[in-house]
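In: Here is a sequence with its predicted model. Questions after.
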Amino acid sequence: MAKQEKSAAELYREERKARLVKAAKQNSKGKKSFSMNQRGQSVISIVVVAAIIIGIVSIVLNSFGIFHRGKNIMKVGEAEVDQYEVVYYASQTYQMYAQYAMYGYFDDFAWDVQPDEQAYPDEIEGIENPTYADFFINYAKEQLQSIKALVAYAEENDITLDATELASVQSQITEMKQTANNYGFGYSNFLRSDYGYGKGMTTKLYEKILTEAAIAQKVSTVLQEDFEAVYTDEKLEEIFKDEIKTFGLVSYRVYNVKAAAAEEGADLDFDSAKATAEALAAAADEEAFILAVSDLEKALENEKYADYITDNSLTLKEDATYTSLSTAGDVLVEEEVAAEEEAETETEAETETETDTETEAEEKLTVADWLFGDERVAGETCITKTATGYTVYMVHEAAHKMDTSYTYDVRHILIQFPEEEAEEETEEATEETAPEAETEAEVETEADTEAETETEAEEPRVPALLDTAKYKDAKIYIDVDLETTKDAQLYMEAQDILVEYLEGDMTEEAFGELAKKYSADGNASEGGIYEAVEEGKMVAPFENWALAEGREEGNVGIVETEYGYHIMYFIAKDEASSWSSVIKDEKVSEDLYDFNEELLESYAIEGYSAKLEKNVKKELKETARVLKNNYSAYY
């Protein structure tokens with residue numbers, strides 16, 4: 001068999017081995033012995049060089065947060081939590097409080113004072129004399145406990161982020177990168193900088209925080225939808241009936257009959273006051289009740305008040321809640337009388353315990369209970385005794401559901417009426433500057449000029465409402481009466497702008513551009529938009545147009561108000577609240593709270609030490625210092 005040739009690598013290794021052997025032999029021939037002093041100096045030199053190298057490496061590693069990574073300061077269930085996750089949420093909450101404090105929304109928190117130097121006004125379990133730093137950190141721990149538990153729930157139930165939700169997380173990362181760039185930092189360096197979250201915050205940890213927060217939010221949304229599905233219309237009706245004192249409203253009339261003294265210094269005549277109250281309570285209906293109250297006020301020489309009651313029904317209290325009525329705790333007169341009679345015949349009154357007395361008081365029928373009783377009907381009355389007399393109540397509307405309220409979004413263009421005062425001032429100024437006398441030639445010249453001006457001036461336009469049939473692709477609703485309108489010529493200007501819209505793109509954006517161009521309202525620069533407008537916030541013609549039955553997106557029109565003519569563009573109407581939405585929201589909130597509490601029982605916080613608490617407070621202190629330096633010049 002032919003011998004196999006050696007590879008180049010093998011030849012190189014053999015040559016290198018030969019050189020080393022040769023060098024070793026030469027060294028052994030001329031070897032010198034080291035003294036102890038020489039050997040010691042060599043060792044010291046090596047140690048010093050190694051220490052310098054280690055120090056340099058330590059500084060570099062520390063700047064990259066290497067020494068801070070992997071410090072799992074606590075556990076939530078099986079999930080390990082890094083101290084900089086706590087720092088992140090504590091800093092987020094602190095910065096939110098600081099921003100509100102800058103605008104004066106917090107009286108007991110100063111944004112420019114270190115949080116660990118400010119006493120927290122409420123109690124925190126397990127912490128004596130807590131500071132705001134304790135509050136921010138404790139709240140961060142609670143947030144993380146909930147988030148980690150929800151993330152674990154998501155893994156167990158295959159709940160994941162969809163493409164849109166992942167894109168939202170990525171958008172937050174991109175925004176942070178842009179912020180870093182604005183400050184002259186790279187992404188990772190910014191997170192570790194004084195402007196970020198400390199040296200231990202890595203890009204991986206930051207993105208993990210954002211992702212887990214998004215997952216927790218996704219789980220909450222899924223759970224909410226599941227809970228909402230339980231509350232059908234039938235279920236909500238059942239809850240309303242069972243919990244009418246929680247969700248119902250009552251409307252009633254009320255009048256106080258004050259006891260008066262027959263003469264100065266005499267006792268108040270409660271008997272007369274009671275007789276008057278009983279007579280008032282005997283009124284056949286609400287109209288009779290109002291007239292009786294008015295007569296009482298007239299007898300007391302309160303003519304103005306009497307007329308006010310008659311004209312404006314001052315006695316009416318609408319849509320009262322059970323809670324608002326029960327705070328007074330007024331007991332019906334019949335109940336008081338029954339209690340007094342029972343007390344007189346009670347043979348063991350002196351031996352009754354305090355608990356028995358409290359139970360008896362609780363069983364007395366109050367005004368709140370009476371008004372919310374199942375058997376109540378309009379016109380029924382009851383009487384309560386007060387410290388100064390008697391109060392009469394009459395049912396106006398028995399326990400009922402709240403009315404549905406709405407919010408709406410619109411755009412408008414305001415063509416404002418001229419200010420009358422300015423016109424009057426102009427007329428006065430003209431009168432003051434007019435010449436006292438004119439020559440015949442001047443009069444003729446002025447007459448000729450006026451004639452020429454009248455010839456040149458356009459003839460006043462004949463007011464006419466827009467022919468809406470001409471614009472078949474638009475739904476136009478004009479609520480202006482040309483026979484009674486304040487300024488028909490100004491209305492025609494408003495109509496011209498509407499025509500400009502109708503002959504253009506007929507989009508919301510196009511309408512917004514016209515608002516920027518023509519509107520006299522303060523929101524013109526924003527395209528004339530009003531969003532989430534609550535009922536009752538706008539003048540009646542404006543609101544009536546917006547909330548008209550059948551109003552749809554893209555509807556346009558013109559309405560007249562005391563301010564001028566409003567060219568309207570309808571965007572949307574949303575249900576703000578209704579009896580069913582109020583019940584559903586409250587019940588779903590209760591369900592979510594109960595679910596979260598039960599879930600957290602399996603995800604307790606463990607391993608949070610005092611040392612690591614100190615580290616988190618240190619980072620929070622640095623965040624506060626940077627914020628103060630950045631904003632002190634502005635607030």
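Out: Perfect, thanks for sending it.
In: Can you list the neighbours in contact with stretch 503-515?
Out: Applying CB atoms under 8 Å, 6 or more residues apart in numbering, the set of residues contacting stretch 503-515 from outside is 411-413, 473-474, 497, 500-501, 521, 523-524, 526-529, 554, 556, 567, 569, 571. All C-beta spots, glycine's among them, are computed from the backbone N, C-alpha and C.
In: List the buried residues of that stretch.
Out: Glu508, Phe511, Gly512, Leu514, Ala515 (16 or more other CB atoms under 10 Å).
In: In strands only, show me those.
Out: In strands, defined here by DSSP state E, there are no members of the buried residues of stretch 503-515.
In: can I get those residues in TSV with pLDDT and distance to Leu300?
Out: As requested, the buried residues of stretch 503-515 are arranged in TSV below (pLDDT from 0 to 100; distance: CB to CB, whole Å):
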residue	pLDDT	distance to Leu300
Glu508	97	59
Phe511	98	58
Gly512	97	59
Leu514	98	60
Ala515	97	56
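In: from these, which single one is nearest Tyr197?
Out: Nearest to Tyr197 among the buried residues of stretch 503-515: Gly512, at 40.1 Å, using CB to CB.
In: Helices - which of the buried residues of stretch 503-515 land there?
Out: Per DSSP state H, helices hold the following members of these: Glu508, Phe511, Gly512, Leu514, Ala515.
In: Nearest spatial neighbour of the second one, chain-adjacent residues omitted?
Out: So the one you mean is Phe511. Tyr569 (4.5 Å; CB to CB, 6 or more residues apart in numbering).
In: In contact with the one you found, which residues?
Out: Val410, Arg411, His412, Glu508, Phe511, Gly528, Gly554, Asn555, Val556.
In: which SS class is it?
Out: strand (DSSP: H, G, I helix; E, B strand; the rest coil).
In: Sketch out the low-pLDDT regions of this structure for me.
Out: 1-72, 302-314, 327-328, 335-363, 420-458, 633, 635 (pLDDT under 70).
In: Can you show me the strands along it?
Out: When assigned using DSSP E, the strands of the chain occupy the ranges 72-76, 79-82, 249-258, 260-261, 268-269, 316-320, 381-385, 389-400, 405-416, 476-479, 529-534, 556-561, 564-577, 605-606.
In: neighbouring strands for the second one, and are they parallel or not?
Out: Looking back up the chat, that one is strand 79-82. Strand 79-82 has its sheet partners listed here by DSSP bridges as strand 72-76 (antiparallel).
In: what do you get for the last one?
Out: Sheet partners assigned to strand 605-606 using DSSP bridges are listed as strand 72-76 (antiparallel).
In: For the strand it pairs with, what is the distance to the chain centroid?
Out: Its chain's average C-alpha position is 33 Å from that of strand 72-76, according to CA atoms, centre = their mean, to the nearest Å.
In: Then stretch 466-476?
Out: Stretch 466-476 sits 40 Å away from the centroid of its parent chain (CA atoms, centre = their mean).
In: Buried residues in it, which are they?
Out: Using 16+ other CB under 10 Å as the test for burial, stretch 466-476 gives Leu466, Tyr471, Lys475, Ile476.
In: farthest pair in the residues you listed?
Out: Maximum pairwise distance in those, criterion CB to CB, is 12.7 Å, between Leu466 and Lys475.
In: Would you map the helices across the stretch 301-450 of the chain?
Out: Applying DSSP state H, counting those that start in this stretch to the stretch 301-450 of the chain gives helices spanning 303-312, 322-326, 333-345, 354-363, 367-371, 420-433, 440-456.
In: how many other residues sit next to the closest residue in space to Phe270 that isn't next to it in sequence?
Out: Distances taken as CB to CB, 6+ apart put Ala259 closest to Phe270, at 4.8 Å, once the chain neighbours are dropped. Look at Ala259: counted by other CB atoms under 10 Å, it has 20 neighbours.
In: what's the answer for Phe109, then?
Out: Phe109, neighbours per other CB under 10 Å, totals 18.
In: For it, give its distance to Thr131.
Out: Look at Phe109 and Thr131: by CB to CB, to the nearest Å, they are 11 Å apart.
In: what's the answer for Phe106, then?
Out: Taken as CB to CB, the span from Phe106 to Thr131 is 15 Å.
In: try Val462
Out: According to CB to CB, Val462 stands 76 Å off from Thr131.
In: tell me the contacts of Pro418?
Out: Pro418 touches Asp487, Leu490, counting by CB under 8 Å, 6+ apart.
In: Please disregard the earlier target; I meant Thr404.
Out: By CB under 8 Å, 6+ apart, the neighbours of Thr404 are Glu575, Ser577, Ser578, Trp579.
In: Can you tell me which of those residues is nearest Ala604?
Out: Nearest to Ala604 among those, counting by CB to CB, is Ser577 at 38.0 Å.
In: who's the closest one bridged to?
Out: With DSSP bridges as the rule, Ser577 is bridged to Ser405.
In: Wait, it touches Thr407, no?
Out: No. Using CB atoms under 8 Å, Ser577 is not in contact with Thr407; the gap is 9.4 Å.
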